[in-house]
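Colleague: The sequence isn't on hand, but the structure is:
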């Protein structure tokens, strides 16, 4: 039985509501959240001093995140390298992990409502959790992963500037974006199919700058700097236009941050969807339906991280209750990519 989108959202809200009382009872304060992290590390034997001593018990002073080794007497900072390093609002981050551990899909708006944090902080929490999940997949499930071309998810990719207006303050973002904003035919999403060859007709979805940027690109590679210079424009708007043109299949990126028309180059792996396994396509379909129902849409920049977060809720055999908590306190899984520099590649990966 396939649930309607409104039903998916309602079920998710009910799941979140059922999980919160236990969390609030277990973690009533920031100090309780830090204590839970320390206790989990000790129970899982993840807290190891530089001298090699594995902590079997430890106590910490109030407001501190370090414990003293019984062997060498040096202090170990137990949140370093974990999801909670240098985090001031640990309880909110731990709450997001708790909810996802129980199979819920968490949004920045929901974290704002539950913990009273800024929506931007909630977004950072979700993206950081996604990075840790991706680190886990790459170390433990890389062989079981399959690549899918990014434009397969084009119908759920929305341009933030079309919701807020270019360069507007984040406070101007509507509290909710309706499902109509990402339905086929809506101007708030990428509705054009991805093809390897250039279409003769330029999409009506392109703005004036998009068209101007496209006119600068031919079969010969051209750099972003050259485009900016030719159009007398800054890198920000030009970069946004290039991203959209690449998603729509009009252009292809090349070495050295250069671009060419899509009929002059092929994207590795950009064959028809029938070349992908049924499991990967089923995952993609489920992810699209879920994101439409609960998140209403995502940007391409963090698509890979949202797919990782959905995998956590989708595969409850691997991501059994408590698994994400263990990942979040494991310092060996520290992502090697800076969160703010992260951008999903054109080929995204899913674990199947």
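Modeller: Received, thanks. Here the structure is a predicted model, which means the values were calculated and not measured. Residues are numbered from 1 along each chain as shown.
Colleague: so where do the strands sit in the stretch 251-352 of the chain?
Modeller: 251-254, 258-261, 347-351 (DSSP state E, counting those that start in this stretch).
Colleague: Give the partner strands of the first one in its sheet and their orientations.
Modeller: With DSSP bridges as the criterion, the sheet partners recorded for strand 251-254 are strand 258-261 (antiparallel).
Colleague: where exactly do the strands run in the stretch 51-200 of the chain?
Modeller: If DSSP E, counting those that start in this stretch is used as the criterion, the strands of the stretch 51-200 of the chain fall at 66-68, 75-77, 145-149.
Colleague: Which one, of these, ends up nearest to residue 342?
Modeller: Among the strands of the stretch 51-200 of the chain, strand 145-149 comes nearest to residue 342, with 17.3 Å by CB to CB. All C-beta spots, glycine's among them, are computed from the backbone N, C-alpha and C.
Colleague: Each with direction, which strands does that closest one pair with?
Modeller: Strand pairing for strand 145-149, determined by DSSP bridges: strand 347-351 (antiparallel).
Colleague: buried sites along the partner strand?
Modeller: Neighbour-count burial for strand 347-351 flags 348-351 (criterion: 16 or more other CB atoms under 10 Å).
Colleague: With respect to residue 7, which of the residues you listed is nearest?
Modeller: With CB to CB as the yardstick, the closest approach to residue 7 among the buried residues of strand 347-351 comes from residue 350, at 24.2 Å.
Colleague: thought that closest one was touching residue 306?
Modeller: No. Between residue 350 and residue 306 there is no contact under CB atoms under 8 Å: 11.4 Å.
Colleague: sorry, back to before: let me have the strands of the stretch 51-200 of the chain in CSV, extended by distance to residue 313.
Modeller: Formatted as CSV, the strands of the stretch 51-200 of the chain follow (distance: least, CB to CB, whole Å):
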stretch, distance to residue 313
strand 66-68, 33
strand 75-77, 31
strand 145-149, 17
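Colleague: Mean pLDDT lowest where, among these?
Modeller: Among those, strand 145-149 carries the lowest mean pLDDT, a mean of 88.
Colleague: Just give me the neighbour total for residue 287.
Modeller: Neighbourhood size, residue 287 [other CB atoms under 10 Å]: 24.
Colleague: Not counting sequence-adjacent ones, nearest residue to it?
Modeller: Closest residue in space to residue 287, ignoring its immediate chain neighbours: residue 310 at 4.8 Å, by CB to CB, 6 or more residues apart in numbering.
Colleague: What pLDDT is listed against the one you found?
Modeller: You'll see residue 310 listed with a pLDDT of 94.
Colleague: Distance check, the closest residue to residue 301 other than its chain neighbours against residue 156.
Modeller: Distances taken as CB to CB, 6+ apart place residue 343 nearest to residue 301, at 5.1 Å, with adjacent residues excluded. Using CB to CB, to the nearest Å, residue 343 is found at 17 Å from residue 156.
Colleague: the more surrounded of the two?
Modeller: More crowded of residue 343 and residue 156, by other CB under 10 Å: residue 156, with 23 against 12.
Colleague: I'd like the distance between the more buried one and residue 303.
Modeller: According to CB to CB, residue 156 stands 8 Å off from residue 303.
Colleague: same deal with residue 110?
Modeller: Taking CB to CB, one finds residue 110 at 20 Å from residue 303.
Colleague: now swap in residue 60 and tell me
Modeller: The gap separating residue 60 from residue 303 is 39 Å, by CB to CB.
Colleague: quick one, which of those two is more surrounded?
Modeller: Set residue 60 next to residue 303 and count neighbours by other CB under 10 Å: residue 303 wins out with 21 against 16.
Colleague: remind me which residues of the stretch 51-200 of the chain are low pLDDT?
Modeller: 159-200 (pLDDT under 70).
Colleague: 90 - rerun?
Modeller: In the predicted model of the stretch 51-200 of the chain, residues 120, 124, 127, 131, 134-140, 142-144, 147-200 satisfy pLDDT under 90.
Colleague: would you list every one of the helices in it?
Modeller: 90-101, 108-115, 119-140, 160-164 (DSSP state H, counting those that start in this stretch).
Colleague: wait, which of those helices is closest to residue 64?
Modeller: Across these, residue 64 has its closest neighbour in helix 90-101 (12.8 Å, CB to CB).
Colleague: Run the chain-centre distance for that closest one.
Modeller: 16 Å (CA atoms, centre = their mean, to the nearest Å).
Colleague: In terms of secondary structure, what does that helix contact?
Modeller: On a contact count with 3 or more CB pairs under 8 Å, 6 or more residues apart in numbering; DSSP states H and E, helix 90-101 meets helix 5-26, helix 30-43, helix 108-115, helix 119-140, helix 303-314, helix 323-328.
Colleague: buried sites along the last one?
Modeller: The reference is to helix 323-328. 324-328.
Colleague: Could you give the number of residues near the residue nearest to residue 287?
Modeller: By other CB under 10 Å, the residues close to residue 310 number 22.
Colleague: Renumber starting at 678 from here on
Modeller: Noted, 678 is the first residue going forward, which turns the last one into residue 987.
Colleague: List the contacts of it.
Modeller: Contacts for residue 987 (CB atoms under 8 Å, 6 or more residues apart in numbering) come out as 782, 963-964, 967-968.
Colleague: returning to that earlier point: check the strands of the stretch 928-1029 of the chain for me: which has the lowest mean pLDDT.
Modeller: Averaged per stretch, pLDDT over those is lowest on strand 928-931, reaching a mean of 84.
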